[in-house]
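Asker: fold the following.
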Amino acid sequence: MNKKLRILIVDDENTNITVLTDILESKYIVQVAKNGIKAIDIAKESPPDLILLDIIMPEMDGYEVCKILKSNSCTINIPIIFITSITDYEDEVKGLRLGAVDYITKPFFPDVVQTRVKTHLDLKLYSDEMEKLVEERTRQLETRSKDLEESNIALRVLLDNVEEARKEIEKEMINNINESILPLLTKIRLEKRPSSQKTYIDLIESNLNEFIDHFSVDIGTSQPRPRISL
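Answerer: Residues are numbered from 1 along each chain as shown. A predicted model of the protein is given here:
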């Protein structure tokens, strides 16, 4: 069963309150405030779904009440319909500029009141639903963004570890060449061998030295190495 929506009627005239209550109470929960201060207190404490607000009231008129409600984050989104006997165009524009959504003029016709109230409540419900969808979508995007950021951090750590492991392997290769292979080539060259074999040894030495130079620069180290000589 759908929950009944709440409408706050703000008017200092009992007759107007009675007429509007009779028109609306079968479909909505009706609350009443007979002055602007009471209306503001009710709206802040438990925001209604729509406010029917009289313009001409003692102490604080409807324009001031509307201005205060539209300046408060808790009540700014409540649709306000002015109820008034004023039909002047400039007064209507003033109310709309303050944030009201519509006017209902006195005397009240039940069909007009019900239709306009329903229209603006439907718009309010649609707007609230869209806002919820946007908030939910925003939360989803924020969650995905956080997940992607965490994944990127993990990937960067992994790549850093891979790079560090690569450098360690290259250092080990260079050390093996310097400590094992080059000394072995030196030993071989000291033996009596044909000149053609010495040429191959020279070529191997050159390639190994280029290999060491290349990877020493790449890993940011300078590895000392023995030079093959007679």
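
Asker: can you pull out the strands in this structure?
Answerer: Ranges of strands within the chain are 6-10, 29-33, 50-54, 80-84, 102-105, based on DSSP state E.

Asker: want to throw these into JSON lines with mean neighbour count, distance to residue 181 and mean pLDDT?
Answerer: All C-beta atoms are positioned from the backbone trio N, CA, C, and that covers glycine. Output for the strands of the chain, formatted as JSON lines (neighbours: other CB atoms under 10 Å; distance: least, CB to CB, whole Å; pLDDT from 0 to 100):
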{"stretch": "strand 6-10", "mean neighbour count": "23", "distance to residue 181": "88", "mean pLDDT": "97"}
{"stretch": "strand 29-33", "mean neighbour count": "19", "distance to residue 181": "91", "mean pLDDT": "97"}
{"stretch": "strand 50-54", "mean neighbour count": "26", "distance to residue 181": "88", "mean pLDDT": "97"}
{"stretch": "strand 80-84", "mean neighbour count": "23", "distance to residue 181": "89", "mean pLDDT": "94"}
{"stretch": "strand 102-105", "mean neighbour count": "16", "distance to residue 181": "91", "mean pLDDT": "92"}
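
Asker: okay, those strands in TSV with distance to residue 120 next?
Answerer: As requested, the strands of the chain are exported to TSV (distance: least, CB to CB, whole Å):
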stretch	distance to residue 120
strand 6-10	10
strand 29-33	16
strand 50-54	6
strand 80-84	6
strand 102-105	6
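
Asker: list the contacts of the nearest residue to residue 46 once chain neighbours are set aside.
Answerer: Using CB to CB, 6 or more residues apart in numbering and skipping residues adjacent in sequence, the residue nearest residue 46 is residue 6, 8.0 Å away. Contact analysis of residue 6 by CB atoms under 8 Å, 6 or more residues apart in numbering lists 28, 29, 30, 31, 46, 48, 49, 50.

Asker: please repeat the previous calculation with a cut-off of 10 Å.
Answerer: Counting by CB atoms under 10 Å, 6 or more residues apart in numbering, residue 6 touches 28, 29, 30, 31, 42, 46, 47, 48, 49, 50, 51.

Asker: Throw those residues into JSON lines and include distance to residue 129, thanks.
Answerer: JSON lines is the format used below for the contacts of residue 6 (distance: CB to CB, whole Å):
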{"residue": "28", "distance to residue 129": "19"}
{"residue": "29", "distance to residue 129": "20"}
{"residue": "30", "distance to residue 129": "24"}
{"residue": "31", "distance to residue 129": "23"}
{"residue": "42", "distance to residue 129": "25"}
{"residue": "46", "distance to residue 129": "21"}
{"residue": "47", "distance to residue 129": "17"}
{"residue": "48", "distance to residue 129": "18"}
{"residue": "49", "distance to residue 129": "13"}
{"residue": "50", "distance to residue 129": "16"}
{"residue": "51", "distance to residue 129": "20"}
